[in-house]
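# With the input below, show me the fold.
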Amino acid sequence: MIGAKSSMQRNLVIILAGICLCYGGVVAKSRIPITENEIREKKNDCFVDIESGLWGENCKSSEIAKENCALRCVSPDCYELIYGSDPLEVGERDFIRSSEFKYCVQRQSVGESIDGVRGAFGN
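Below is the predicted model:
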């Protein structure tokens, strides 16, 4: 009986240690901001959703509409902050806002405030 109790305690310790390791990994990972490649992958997934019609016909109406919808899909909050009052227009290449958007998504991915992101790159 004593041997069985000792075995159960050892198994419980192993299970608890495993849970702690898994939980610690999640916490550590959540503090690592999303990478540019992950943002690009998420945006590509959004384009697939847009093409399938999940975002409505308006988002499929033109390439620039698709781009604005994809950015909104990646992060509605960051899209509203960076592009909401002035969406991208045909032929526009706005590297400052693009950088601000990525920075916003990265901050948001680790739970940081997005206050102060707009204008952070000299806008």
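# from here on, contacts and neighbour counts on C-alpha atoms
Noted.
# The chain: helices as residue ranges?
2-30, 36-51, 63-74, 76-82, 95-109 (DSSP state H).
# Nearest residue to the middle of the chain?
In the chain, the centroid-proximal residue (C-alpha atoms, centre = their mean) is Ser109; its distance is 5.1 Å.
# Roughly how far does that residue sit from Ala65?
Ser109 sits 25 Å away from Ala65, going by C-alpha to C-alpha, to the nearest Å.
# so what's the residue nearest to the centre of the chain scoring on pLDDT?
If you check Ser109, the pLDDT there is 96.
# Quick check: it touching Thr35?
No - here Ser109 lies out of contact with Thr35, judged by C-alpha atoms under 8 Å, at a distance of 9.7 Å.
# got a list of what Phe47 touches?
Phe47 makes contact with Lys66, Ala70 under the criterion C-alpha atoms under 8 Å, 6 or more residues apart in numbering.
# pLDDT score for it?
Phe47 is given a pLDDT of 98.
# now do Phe121
87.
# Thanks a lot, see you next time.
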